[in-house]
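Engineer: any chance you could fold what I've pasted below:
(one chain, ligands or ions: 2)
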Amino acid sequence: MAPGRGAAVVIQSVGKTFRRGGRRTIALADIDLTVAPGELVCLLGPSGCGKSTLLRIVAGALAPDDGTVTVDGTTVDGPSADRGMLFQTPLLFPWLSTRKNILFGPKAQRAAGLHERDDPELGAEADAILDTVGLGRFGDAFPHELSGGMQHRAAFARAIITRPAVLLMDEPFGALDAITRVRMQDFLLRMREQYQTTILFVTHDIEEAVLLGDRVAVLGGRPPGIRQVIDVPLGRPRHAADADTTEFVAAKRQIRAALTGRAMQAHT
Ligand SMILES: Nc1ncnc2c1ncn2[C@@H]1O[C@H](COP(=O)(O)OP(=O)(O)OP(=O)(O)O)[C@@H](O)[C@H]1O
Ligand SMILES: [Mg+2]
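Structural biologist: Ligands and ions are numbered 1, 2, ... in the order given. I've put the predicted structure just below:
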């Protein structure tokens with residue numbers, strides 16, 4: 001498969017307020033964040049601080065009240081094949097085999113005239129990706145025949161085969177046990193080296209944010225905004241063992257301070 005390419009994502013002055021009955025909830029206010037092509041930025045913050053809302057706005061599934069999002073200079077005004085999304089619960093069609101689930105996106109893209117790869121070419125690509133995610137022997141299995149971790153890898157394969165320029169991940173490993181989670185993080189790091197996709201990754205977990213992110217944007221406050229953006233001073237490729245380094249521990253401390261409001265210096 002040809003290497004992917006990441007797009008630049010520019011979030012400018014984005015705000016969103018939900019209105020329900022007589023009640024208003026300011027979900028996000030004045031969000032500015034620029035993500036470089038191929039960069040992995042983690043969004044971290046307490047429950048309800050607008051992380052999923054921000055991801056849905058970047059996906060084009062939700063329109064902001066204020067501000068704009070651009071992907072490689074084009075303003076987001078709806079969903080598009082250049083942005084893939086992965087959720088906490090892997091979304092797979094239960095009536096399709098794993099292989100057909102993976103082929104669903106590229107076939108839909110072909111029907112929409114987005115590429116001209118024929119069935120044999122797509123089939124070979126699906127098989128290669130199934131191998132890469134360790135599901136080579138499970139192409140014919142249905143989602144209910146896969147373990148939770150396998151379903152996550154299948155969902156990941158399904159997203160990556162469409163070659164999104166941006167991958168939006170909303171706590172994709174939150175429901176996994178600790179060991180499967182470490183495996184999936186490692187897997188994501190390897191996939192990322194290979195595809196160079198730009199990734200926005202939502203997590204509650206400080207350790208996960210430091211392990212994965214080039215930068216960590218800490219959200220919070222009232223109204224919810226970006227409190228601080230922290231550079232993670234670790235090289236690539238990353239491994240779980242990096243968590244023992246002093247740089248890692250220092251980054252965690254910095255994030256914890258930002259979360260608790262002890263370090264409120266503006267930073268972008
Ligand atoms: N469709 C909606 N209608 C009304 N309010 C909403 C809607 N979606 C989100 N909200 C509100 O906006 C705020 C932010 O929600 P959001 O789901 O973005 O938070 P989050 O940071 O992803 O939280 P969590 O970590 O629990 O997933 C919350 O107060 C939530 O109740
Ligand atoms: Mg959420």
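
Engineer: so for the protein, the centremost residue is which one?
Structural biologist: M169 (2.4 Å; Cα atoms, centre = their mean).

Engineer: what about the helix or strand it falls within, distance to the chain center?
Structural biologist: According to DSSP states H and E, M169 maps onto strand 166-170. Counting by Cα atoms, centre = their mean, to the nearest Å, strand 166-170 is centred 2 Å from the centre of its parent chain.

Engineer: now tell me what touches stretch 232-247 from outside.
Structural biologist: 182, 185-186, 189-190, 193, 207, 210-216, 248, 250-251 (Cβ atoms under 8 Å, 6 or more residues apart in numbering). The C-beta positions use only the backbone N, C-alpha and C, and glycine is treated the same way.

Engineer: longest helix anywhere in the protein?
Structural biologist: helix 178-195 (DSSP state H).

Engineer: quick one: is the helix or strand just after that one near ligand 1?
Structural biologist: Scanning forward in sequence from helix 178-195 by DSSP H and E, the next helix or strand is strand 198-203. No. Residues of strand 198-203 are not located near ligand 1 by Cβ under 6 Å from any ligand atom, the shortest gap being 6.7 Å.

Engineer: and the contacts of strand 198-203?
Structural biologist: 6-9, 35-44, 51-52, 55, 58, 165-174, 192, 209, 212-213.

Engineer: how far away is T75 from ligand 1?
Structural biologist: From T75 across to ligand 1, the span is 21 Å (Cβ to the nearest ligand atom, to the nearest Å).

Engineer: quick one: the helix or strand of the chain with the lowest mean pLDDT to chain centroid distance?
Structural biologist: Between all helices and strands in the chain, the lowest mean by mean pLDDT, DSSP states H and E belongs to helix 178-195, at a mean of 83. In terms of Cα atoms, centre = their mean, the gap separating the centre of helix 178-195 from the centre of its chain is 12 Å.

Engineer: for it, list every residue counted as buried.
Structural biologist: Residues of helix 178-195 classed as buried: 180-185, 187-189, 191-192, 195 (neighbour count, 16 or more other Cβ atoms under 10 Å).

Engineer: return the backbone torsion pair for the closest residue to G213 other than its chain neighbours.
Structural biologist: Spatial nearest neighbour of G213, excluding adjacent residues (Cβ to Cβ, 6 or more residues apart in numbering): C42 at 3.8 Å. Backbone torsions of C42, given as degrees, to the nearest 10, read phi -90, psi 140.
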